[in-house]
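Student: Here is my input, please return the structure:
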Amino acid sequence: MANDNRILFLLLLGFSLCVESGSKQGLSYKPKEVGIGVILDMSSPVGRWAKEYISMAVSDFYAANRSYRTKLNFTCKDSKNDVVLAASAALELMKDEEIHAIIGPQRSSQAKFITKLGVKAKIPIISFSATSSSLSTTHNPFFIRTALDDSSQVAAIATIVERFEWREVVLIYEDTEYGNGLIPYLTDAFQKIDTRVSYRSVIPPSPNTETKILRELHMIRARETRVLLVHMTASLGKQLFKLAKEVGMMSEPFVWIITCGLSTLLDPMGENVIDNSMQGVLGVRPYVPKKTNQRFQDFEKRWKNRMNNSEINIFGLWAYDTVWAIAKAVELVSTMNSTVLSQNISKNGTGQQLNSLRVSDSGPMILKALTSTQFKGISGTFHLKKGQLRAVDYEIINVVGKSEGVIGNWSAKNGKMVLNRPIIWPGGKKEPPKGWDIPAIPGYKLKIGVPYNGGFEEFLKIEWDSYNNPIFSGFSFDIFHAAKEKLPFNIDCDFIPFVNYRGNTKTMAGTYDQLLQEIQNKTFDAVQKNIWIFLKPLSWDLWLTTGVAFIVTGLIIWVLEHRTNMEFRGPPDQQLGTIFWFSFSTLVFAQRERLMNNWSRFVLIIWIFLVLVLTQSYTASLASLLTVQHLQPAVADVSELIRNNDSVGYQNNSYVRDFLIKQLNFNQSNVKSYSSPQEYDEALSKGSKKGGVDAIFDEIPYIKVFLAKYCYNKYVMAGPTYKSDGLGFAFPIGSPLVPYISRAILNVTQDYEKMQELEKKHFGDKTTCQNQSSTFSSDGPSLSVYSFGGLFIITGLASIGSCLIYLFKFHRKHWPTVNAINPESSIWSKVSQIAKHFDEKR
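Tutor: Residues are numbered from 1 along each chain as shown. This next block holds a predicted model:
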């Protein structure tokens, strides 16, 4: 860290020349001095350090290149962190000093205007610290960035976010050219990995910055997202982290990630800030090859001796390499045209305000030479691509204790991140935070909207006590509570009925679609809803086991037939296709390959028996779901209802209404809404001709409840089933609660005893009409691996046993020969030889 004595020493230097004269020993001629302007902000640590780096760069370069005929002569100007003063300094250099290029300015906001002056004067503007992505080297032909564009770090940051599966990020950045320039690149990168920017906190650098920061921190703390990405300069970042510590945001479960603007300038922020306010912060910064670069190691020793053990800074390294690059480019121009550096300037006769601006003849040549200059600098390979430093790898740093440590790296070549050490997160934890949390506001509860439906109270029922407080019950309500109990954290919920109150009458305040709209309007955080899941004939583990068995059987048949059967030989891709084709074709008994080996025939007989049992069982299971077994409906199909202009019904406020009108093309006047099983029975009993309906369209669980209540051998569930989503709860898009709630609901529905308990509690033993509604019943359990466990064991033992016997015989026959030919060769060599024997046709 820089101490007060060193800072005082630097300030006393004033604005004298930035360079030291090189040694002239051994020179028989005086090198031609070439004027170079320098614009720095001497009030900033980067500016003060850059001056020292430039001075050392000049001394080192001409000590190493004594035969050069040119020598850079620097004239320094102080921008004092002001855009106008920076522009004024640039004009002064261009008009009054014979300069051929300008190093600087230091900040992106200053460079944006000065680059335009550079175009007019045809003088290269070369900045080692103006990194804003909004400052394009393509659109500014005389602007050279000898640093990395801010956007080059975006992929590394996105990789960190993707690695820990964070789905929301809050961006905190300063309202400057530098701060705003990176945001579009960050949002695009996060969008590619399905991560949403939930909030943007913009901090203006102004006198009341502290008040603004505190207000923003409180707003962020009131949100769910806990992954915070900070992009700002060191001076503003120092204030941010001190205040974040004060309000309790530098602890679990917060995640703080900083961009290069902060990670490369932790030293000037001070040990006090780092040790007390930045523990657990992650960051990215450009990789510098320190261990493999002897020049860097030598320079680091000299720098620390000169600057009282101050740490090396990447901007200083870029400034150092910039001087070397300019010196090489100037020498190259002098070699190609010895007079151009003397006949440098002429008056610019265009424009009234800039009529005294000089135009450089050498500037375009220096620019061209500079863009083609390549060498190994102390920061790494100096190589410009499209006017700026070529992208490099990034280090991943973690602030622990009084300094930052490198814990991993990100490769620009393959876009992958490798972590070599565990990350210490804010609060001292080593477990990765989940990236979100319930807002830390006393009394905060999730607002859950609950639809009110007077009928079908088995699913969801709302009653009001004598104090007009709602009481909730029902199958869906209990499922939600059971899922909430299985969450790895606690959440408090406030259930709010979606109801219109009209005196003593209560009705639902809109349709389900309107209820979902309330989530987008931030009225509710989630919504409870009733829908069903259609079960499949086979369970997923049986599907998976069967697929594996197909592949293994095909592979074993190939092993047994490969040496003797031409149909199992050929190029590798053909053999692979034969393996898959042969095994899967047995599903429909369509295999055409003849088998030559008796062991193969034995395996195939047992395998075909297993396939036969599986296919017959699947057919029977599927038929039980899709075949009408008893009652036949009075209406043949949906088209008959439409053709006869019959009326149909649906449950009030359901999405089914739009489905009937827009998808099935029913006349709107023939579509009627009902709210309860009693109303269903009454409407169906009347029929269309008496003001009722001839059919009810509803979700299967509601129809099953209706059939259980009103059987009488007159109603049947029939017609095609239109698939919809399963039982679920609606949350806002991108809500971090979704994956946790989904897993919790899955755990509840897979708990057979719990589901039986809830179904018996709310539906009772309603099996009176089960046979009538069995057309589309989905209550039966799927066929599982356990049902066919014996067959799979027999088939596996037969297949593996046959394969092992065959391989054992082959080994006994060929191993002695291989061992006799090469008795001293390694085991691996012998195995390779015997494998070649196996691949030969017998």
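Student: show me what contacts the residue nearest to residue 695 when sequence neighbours are not counted?
Tutor: Once its chain neighbours are removed from consideration, residue 695 has its nearest residue in residue 648; the separation is 4.9 Å (Cβ to Cβ, 6 or more residues apart in numbering). Heads up, the C-betas are built off the backbone N, CA and C, glycines and all. With contact taken as Cβ atoms under 8 Å, 6 or more residues apart in numbering, residue 648 is in contact with 641, 660, 666, 670-672, 693-697.
Student: Now do the SS call for residue 554.
Tutor: Of the three states, residue 554 takes helix according to DSSP: H, G, I helix; E, B strand; the rest coil.
Student: For the residue nearest the centre of the chain, report the pLDDT, please.
Tutor: The centroid of the chain falls nearest to residue 193 when counting by Cα atoms, centre = their mean (3.1 Å). Reading off the confidence values, residue 193 has pLDDT 92.
Student: Isn't it up against residue 158?
Tutor: Yes - taking contact to mean Cβ atoms under 8 Å, the distance of 5.7 Å between residue 193 and residue 158 places them in contact.
Student: chain center to stretch 237-248: distance?
Tutor: What separates the centre of stretch 237-248 from the centre of its chain is 27 Å, taken as Cα atoms, centre = their mean, to the nearest Å.
Student: just the helices in the stretch 551-700 of the chain please.
Tutor: Here the stretch 551-700 of the chain has its helices, by DSSP state H, counting those that start in this stretch, at 572-585, 598-626, 638-643, 656-658, 677-686, 700-709.
Student: wait, residue 430 sits on residue 423?
Tutor: Yes - with contacts defined as Cβ under 8 Å, residue 430 counts as touching residue 423 at a distance of 7.1 Å.
Student: Between these two, which has more neighbouring residues?
Tutor: Higher neighbour count among residue 430 and residue 423: residue 423, with 19 against 8, using other Cβ atoms under 10 Å.
Student: any idea how far residue 190 is from the closest residue to that one other than its chain neighbours?
Tutor: Of all residues beyond its chain neighbours, the one nearest residue 423 is residue 398 (5.5 Å), with distances taken as Cβ to Cβ, 6+ apart. For residue 398, the distance to residue 190 under the criterion Cβ to Cβ, to the nearest Å works out to 21 Å.
Student: Let me know the secondary structure of the closest residue to residue 451 other than its chain neighbours.
Tutor: Once flanking residues are discounted, residue 451 sits nearest to residue 498: 5.2 Å by Cβ to Cβ, 6+ apart. Secondary structure, three-state DSSP: residue 498 is strand.
Student: Tell me, how many residues neighbour residue 498?
Tutor: Around residue 498 there are 23 other residues, counting by other Cβ under 10 Å.
Student: check contacts around the nearest residue to residue 203 once chain neighbours are set aside.
Tutor: Setting aside the residues directly before and after it, residue 203 is nearest to residue 174 in space (Cβ to Cβ, 6+ apart), at 5.2 Å. Remark: with contacts taken as Cβ under 8 Å, 6+ apart, residue 174 is in contact with 202-205, 231-233, 236.
Student: Can you pull out the low-pLDDT segments for the stretch 701-842 of the chain?
Tutor: 711-713, 719, 723-728, 733-734, 736, 763-787, 810-842 (pLDDT under 70).
Student: about what we covered before: I'd like the contacts of residue 174 as a markdown table, with pLDDT and distance to residue 309 appended.
Tutor: Rendered in a markdown table, the data for these read as follows (pLDDT from 0 to 100; distance: Cβ to Cβ, whole Å):
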| residue | pLDDT | distance to residue 309 |
| --- | --- | --- |
| 202 | 94 | 37 |
| 203 | 93 | 33 |
| 204 | 90 | 36 |
| 205 | 86 | 31 |
| 231 | 95 | 30 |
| 232 | 92 | 27 |
| 233 | 89 | 24 |
| 236 | 91 | 27 |
